[in-house]
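>>> missing the sequence, but the structure's below:
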């Protein structure tokens, strides 16, 4: 489906009915990242409308010369949400850059958000300011990497903490598939103004709805320590640091991911019933 926002045809997919969940992927992949990790959770759950979309310059949504910063990107995301769900309460969930945008949505639509999930979120836009652990591989699979196309082996090997066939297949289908079609020139321009111009974590008051923050102990891209510093914003926040997990913790620790996100959904349902 398409929804035109500021002359940008936003590609999106919607599944189910009920309380809307807006799901925001990270920088460079597309909606398949969030769809791959979230849709299996709803096989036995009703009453939730899942809305996945491609950010501008990613997936099937073109970039725009009018988007020059994350502030601009957030404006488009807010307008998209307003267009597809209007004034309904909704949940927001995002991974990596999507977690950065999710917190922007929370700041702008504070009373409308019924819950938030942050998965390996960007906390600080400036890479040099991030408190990061060293790059670590806990389970190396040289045979698998040797069987891949060299370019694929390089990109997967640079991210994977646990290298195995099933993790590779999900990375290929849910993440690399989007990376391959991203508008690199547009994203390079965006990277020059990647940080918000305002303090996204300066909320009008603590957000008292259910929150879950999942981070990888071996995540060398966004880390885990920075996320702990915003936890006091969320009195009902679960904070989990997952060992044996890097920036793609939702893949490398999929069972823990599913359990913690399902428990978050249960808390949201309880809080609005």
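Okay, I see it. In this text, all values refer to a predicted model and were calculated from it rather than measured experimentally. Numbers count the residues shown, from 1 in each chain.
>>> just the element for the closest residue in space to residue 6 that isn't next to it in sequence, please.
If the residues on either side of it in the chain are set aside, residue 6 comes closest to residue 76, at 6.1 Å by CB to CB, 6 or more residues apart in numbering. All C-beta atoms are positioned from the backbone trio N, CA, C, and that covers glycine. Following DSSP states H and E, one finds residue 76 within helix 70-85.
>>> okay, buried residues for that helix please.
Buried residues in helix 70-85, counting neighbours by 16 or more other CB atoms under 10 Å, are found at 70, 72-78, 80-81, 84-85.
>>> closest to residue 226 out of those?
Looking at these and their distance to residue 226, the nearest is residue 70, at 16.5 Å (CB to CB).
>>> sorry, back to before: any idea how far the residue nearest to residue 6 is from residue 3?
The gap separating residue 76 from residue 3 is 11 Å, by CB to CB, to the nearest Å.
>>> intersection of neighbour lists for the two?
The contact sets of residue 76 and residue 3 overlap at residue 10 (CB atoms under 8 Å, 6 or more residues apart in numbering).
>>> quick one: the helices in the stretch 1-150 of the chain?
32-38, 70-85, 97-108, 142-147, 150-159 (DSSP state H, counting those that start in this stretch).
>>> tell me which of the ones you listed sits nearest to residue 226.
Distances from residue 226 to each of these were compared using CB to CB; the minimum, 11.2 Å, belongs to helix 97-108.
>>> now do the buried residues in that closest one.
For helix 97-108, the buried set under the neighbour-count rule, 16+ other CB under 10 Å, comprises 97-107.
>>> from these, pick the one nearest residue 208.
Sorting those by distance to residue 208 puts residue 106 at the head of the list, at 12.0 Å, by CB to CB.
>>> wait, isn't that closest one in contact with residue 206?
No. Counting by CB atoms under 8 Å, residue 106 does not reach residue 206; the two are 11.5 Å apart.
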